[in-house]
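A.B. asks: pasting the structure only:
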């Protein structure tokens, strides 16, 4: 069940699904589509009862490669075919049925935070960084975070993260409820596996049914959030502030926004 950028292994009743685009594990529509397909196949695998979502390299996921997208569109090329959209593929992720524990050993930034947030549980370490950095680059939050992040940490904390783009270290993320376990960096994946193994001990049909009940409104709310996010992102992508924000990030400097 492994592909070029997604690795899948099954250890007893626990599957490990690994992003394999180190060091940053940048997301795009192909990676999310492949990840969704992997989770859907695991839904059909009776031996699998729970899943660890992990990543190779330095970062869990540094979000989308926005600089690459700008350069592609500047050349007059289409970065993503109109019929495809990363959020359409992300909706497939939240519709899968088996519990997921994310092993966040490094940064989860932007859409990478969105990916971590769709897992049922998160294990992290002090070295990890969590950021909804969209407004810091002149953009609108995405990947369903306007729904998932307030659900995890409360409206006020989410509002602060959204409006400032501030990076949150792993210990602070755990204290505010964004992560469930804080461990040493070298133990992140092992502890995530232990949690997944504990989930796998319960009755698998009962676990899936209970998860379905808990998530009864989740999929619809995630869809609504991504539709609104996509609308706002489409017009912001055409602004000077967005281009400045992306370029400043690439140049490792503070952006100079003009409000245009």
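C.D. replies: Arrived safely. Note that the structure is a prediction, hence the values are computed from the model and not measured.

A.B. asks: Can you show me the strands along the protein?
C.D. replies: Taking DSSP state E as the test, the strands found in the chain are 6-11, 14-19, 50-55, 100-104, 108-109, 121-124, 129-131, 168-169, 181-182.

A.B. asks: Pull up the pairing partners for the fourth one, direction included.
C.D. replies: Partner strands for strand 100-104, per DSSP bridges, with pairing direction: strand 50-55 (parallel), strand 121-124 (parallel).

A.B. asks: can you put those in TSV and add distance to residue 156 and mean pLDDT?
C.D. replies: C-beta here means a position set from N, CA and C on the backbone, and glycine is covered the same way. As requested, these are arranged in TSV below (distance: least, Cβ to Cβ, whole Å; pLDDT from 0 to 100):
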stretch	distance to residue 156	mean pLDDT
strand 50-55	28	98
strand 121-124	20	98
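
A.B. asks: need these in TSV with distance to residue 137 and mean neighbour count, can you?
C.D. replies: Output for these, formatted as TSV (distance: least, Cβ to Cβ, whole Å; neighbours: other Cβ atoms under 10 Å):
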stretch	distance to residue 137	mean neighbour count
strand 50-55	22	27
strand 121-124	23	27
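
A.B. asks: Of all the ones you listed, which one is nearest residue 217?
C.D. replies: strand 121-124 (19.7 Å; Cβ to Cβ).

A.B. asks: now that closest one: how far from the chain's centre is it?
C.D. replies: For strand 121-124, the distance from its own C-alpha centre to the chain's C-alpha centre is 12 Å (Cα atoms, centre = their mean, to the nearest Å).

A.B. asks: which residue is nearest the centroid of this structure?
C.D. replies: The structure's the chain has its C-alpha centroid closest to residue 115; by Cα atoms, centre = their mean the separation is 1.3 Å.
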